[in-house]
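>>> coordinates for the following, if possible.
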Amino acid sequence: MRVSIKFDLGEYLNDVFVETGVGSGGNILKAIRAGYPEIHGIEISETLYHQSHGKIAAEIQKLPRSPSVTLYCGDPVAGLEQLCATMQHKRVTFLLDSYTDGEHLSDADRPIITEISVIRRWFQDNLIQPIIMVGGLRQSAALMTDILNAVLDIDADYQFRVLDDHVSRNVLVALPPTWVQAQ
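Presented below is the predicted three-dimensional model:
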């Protein structure tokens with residue numbers, strides 16, 4: 001997500017953290033500090049990928065015990081497809097980027113719904129369903145409705161929280177029924 005979230009990722013700690021749209025790496029660093037043992041980030045911009053890679057590598061070197069952190073440069077949908085194939089039986093927290101960096105794209109041109117569809121394909125019938133976070137909610141009411149519907153297609157019992165990033169109430173957190181019951 002191109003903007004760093006303002007809430008504690010440790011509240012949603014799972015076995016794996018996956019972020020699309022890593023940007024400068026701020027949320028990956030927060031996942032490291034929160035204690036996620038396995039972290040994956042996908043960034044489409046080669047420039048941002050290299051910036052975040054160096055920043056994250058420097059942070060990991062400071063740790064006495066470092067998590068497994070892997071960054072990918074490329075298409076987030078293709079990257080998610082490959083990652084989901086390897087982690088469908090793990091507890092996963094996804095942080096998906098719906099920001100457009102100021103570009104005026106139609107909702108159909110944003111990959112966020114496709115990303116959620118990839119997650120649905122791999123996790124819908126699993127006993128362990130993921131936590132899904134989506135940033136950039138306030139960009140479009142129509143997109144928010146599509147995001148809610150896409151998550152509810154995974155499981156109609158998902159529950160939602162809305163949290164802050166650089167804008168108040170701009171991050172959707174979708175909690176699967178198993179997570180809600182455990183709390």
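>>> all strands of this protein, in order?
In the chain, the segments counted as strands under DSSP state E are 16-20, 38-43, 68-73, 92-97, 131-135, 159-163, 171-175.
>>> now those strands in TSV, with mean pLDDT?
As requested, the strands of the chain are arranged in TSV below (pLDDT from 0 to 100):
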stretch	mean pLDDT
strand 16-20	96
strand 38-43	95
strand 68-73	94
strand 92-97	92
strand 131-135	92
strand 159-163	91
strand 171-175	93
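>>> would you format those as a markdown table with distance to Ile28 and mean neighbour count included?
Backbone N, C-alpha and C define where each C-beta goes, glycine included. Output for the strands of the chain, formatted as a markdown table (distance: least, CB to CB, whole Å; neighbours: other CB atoms under 10 Å):
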| stretch | distance to Ile28 | mean neighbour count |
| --- | --- | --- |
| strand 16-20 | 6 | 27 |
| strand 38-43 | 5 | 25 |
| strand 68-73 | 7 | 16 |
| strand 92-97 | 9 | 25 |
| strand 131-135 | 13 | 25 |
| strand 159-163 | 18 | 14 |
| strand 171-175 | 16 | 22 |
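>>> I'd like to know which of the ones you listed is closest to Lys62.
strand 68-73 (13.0 Å; CB to CB).
>>> now what about the closest one, what contacts it?
The contact list for strand 68-73 (CB atoms under 8 Å, 6 or more residues apart in numbering) reads 22, 28, 32, 37-46, 49, 52-53, 56, 60, 79.
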